[in-house]
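In: output the structure for:
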Amino acid sequence: MSEKMKAVAIVEKKKVELINLTKPMPKSNQVLIKIKACALCTHEQRVYLGISKMPLPFIGGHEIAGKIVQIGRDVDTQKYKIGSKVAVRILYKCGSCYYCRHGKENLCVETNTLLVNEQGISGIGGLSEYVVVDTSQIWVLPDDISLEKATLAEPVACVVNSFEKGNPGLGDDVVIIGGGIMGMLHLLCAKLRGTRVIMLEPVQERRKLAHELGCDITIDPMHTDPIRAVRNLTDGRGAEVVFNTTPISAVAEQAVQLTGSMGRCIMFSSQHPDKPINISPNWLHYSETVITGAVSPSVRSFDASVNLLTKNLINPEKLISGVFDYTEAGKAFEEAIKPDTFRIIVKFD
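Out: Here you go, the predicted structure:
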């Protein structure tokens, strides 16, 4: 008889339940991970709120960390030891599509493959007690890192991918729009690049935290014209790099206007609702400004993220707003959707 495990499922708008799933078993070159912590990403929050329409019941969870508890055949037992802490890049990559073969596995055509095999249940499955993954999807961690902190490897990896697109240099001006968790993670990485960081954020408490984390200048866009302010700070040019971490299309248009000639404007966040913005093709022609997006972590960016966390090059622990036992998942989701929280983590025994 197959063993069972518990999982947190969104069963309807603003309602979660604990359900039983069949415990997976590792095959060749796979390991069974006992999930210890799973952060509630914006994606899971939007499904919970009914904004993102997914088949229900839905078991989300892709910001996960845990321990190896079982290994399949052909696994290197010296490299992957029972009991080792691991961070997991759970997003699927096929390895054979056009994007994977061009080193862009974050754009894999099968990246959103749903990993839960139970009939009638969808999702990637990180909000479960166990998950099976290939060894290529895990990073072994040092014993001294907390698994709550390790769940942030995935969002930090998304930011690393964003920085590969923006590529700020020493002494550059970097504008970060939005002081949520992703904006704050951009801030931590921007300071490592030796840049002057200007953050646009209307909430005073978040502006205060941004300064604590090293931000040079904060602007309240509700009371100060951000375009004029940034141009005054940059001799009229605009910033070398602008990262838009908000889901508001009107702000996306503003992000373009904040970017100087030869600059890079990175649309980091998905847009909800997605509304077209106005861009002058003539301005684009003369300015040589690059406008691009950044989505999901590549394998390379995930590797860099793990290094940033395990070597203590960045410290995102102030961005963990709360930890809840999986039996209190409903409370965890309600806390996660509050506008004044950063990451909420669900822990498993």
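In: helix, strand, or coil at Arg231?
Out: helix (DSSP: H, G, I helix; E, B strand; the rest coil).
In: residues in contact with the helix of greatest length in the chain: which ones?
Out: Taking DSSP state H as the criterion, the chain has its longest helix at helix 153-166. Residues outside helix 153-166 that contact it (C-beta atoms under 8 Å, 6 or more residues apart in numbering): 39, 41, 62-65, 87, 89, 106, 139, 174, 181-182, 185-186, 189-190, 193, 241, 243, 264, 266, 268, 292-298, 301-302, 304-306, 308-309, 314, 316, 343. For every residue, glycine as well, the C-beta is placed using N, CA and C.
In: list the buried residues of that helix.
Out: 153-163, 165-166 (16 or more other C-beta atoms under 10 Å).
In: circling back to that earlier point, among the contacts of helix 153-166, the buried ones, what's the ChimeraX command?
Out: With 16+ other C-beta under 10 Å as the burial test, the buried ones among those are selected in ChimeraX as follows:
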select :39,41,62,63,64,65,87,89,106,139,174,181,182,185,186,189,190,193,241,243,264,266,268,294,295,296,297,298,301,302,304,305,306,308,309,314,316,343
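In: contacting residues for Gly214?
Out: So Gly214 contacts 187-188, 191, 197 (C-beta under 8 Å, 6+ apart).
In: 10 Å instead?
Out: The contact partners of Gly214, taken as C-beta atoms under 10 Å, 6 or more residues apart in numbering, are 187-188, 190-192, 197.
In: one step back: in CSV, list the C-alpha atoms belonging to the longest helix of the chain.
Out: Output in CSV follows, covering the C-alpha atoms of helix 153-166 (Å, rounded to 0.1, in the frame of the first residue of the first chain):
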residue,chain,number,x,y,z
ALA,A,153,17.2,31.1,-2.9
GLU,A,154,14.6,31.1,-5.6
PRO,A,155,13.5,34.7,-5.4
VAL,A,156,17.1,35.8,-5.1
ALA,A,157,17.8,33.8,-8.2
CYS,A,158,15.1,35.7,-10.0
VAL,A,159,16.8,38.9,-9.0
VAL,A,160,20.2,37.6,-10.2
ASN,A,161,18.6,36.9,-13.6
SER,A,162,17.2,40.4,-13.6
PHE,A,163,20.7,41.8,-12.9
GLU,A,164,22.2,39.9,-15.7
LYS,A,165,19.8,41.8,-18.0
GLY,A,166,20.3,45.2,-16.3
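In: let me see the mean pLDDT of the helix or strand hosting Met5.
Out: Using DSSP states H and E, Met5 sits within strand 4-12. Strand 4-12 comes out with an average pLDDT of 96.
In: so for it, what gets flagged as buried?
Out: Buried-residue list, strand 4-12, by 16+ other C-beta under 10 Å: 5-10.
In: quick check: Glu240 touching Gly263?
Out: Yes. Here Glu240 reaches Gly263: they are 5.1 Å apart, a contact under C-beta atoms under 10 Å.
In: overlap of the contact sets of those two?
Out: Contacts common to Glu240 and Gly263, judged by C-beta under 10 Å, 6+ apart, are 166, 168, 172-173, 175, 234.
In: which of these ranks first by neighbour count?
Out: Val175 (31 neighbours; other C-beta atoms under 10 Å).
In: and the host helix or strand of that residue, which strands flank it?
Out: Take DSSP H and E as the rule and Val175 turns out to sit in strand 173-177. Strand 173-177 sits in its sheet next to strand 196-200 (parallel), strand 239-244 (parallel), going by DSSP bridges.
In: tabulate those strands (JSON lines), appending mean pLDDT and distance to Asp74.
Out: Formatted as JSON lines, the strands paired with strand 173-177 follow (pLDDT from 0 to 100; distance: least, C-beta to C-beta, whole Å):
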{"stretch": "strand 196-200", "mean pLDDT": "98", "distance to Asp74": "46"}
{"stretch": "strand 239-244", "mean pLDDT": "98", "distance to Asp74": "42"}
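In: re earlier: what mean pLDDT does the longest helix of the chain have?
Out: 98.
In: spatially nearest residue to Val109, not counting backbone neighbours?
Out: Closest residue to Val109 apart from its sequence neighbours, by C-beta to C-beta, 6 or more residues apart in numbering: Cys97 at 4.7 Å.
In: wait, that neighbour sits on Gly103?
Out: No. Contact criterion C-beta under 10 Å: Cys97 and Gly103 do not qualify, at 11.9 Å.
In: who's more crowded, the two?
Out: Cys97 (16 against 11).
In: give the contact list for that one.
Out: When contacts are counted by C-beta under 10 Å, 6+ apart, Cys97 touches 104-105, 107-111.
In: that one and Pro202, how far apart?
Out: Separation of Cys97 from Pro202 (C-beta to C-beta, to the nearest Å): 41 Å.
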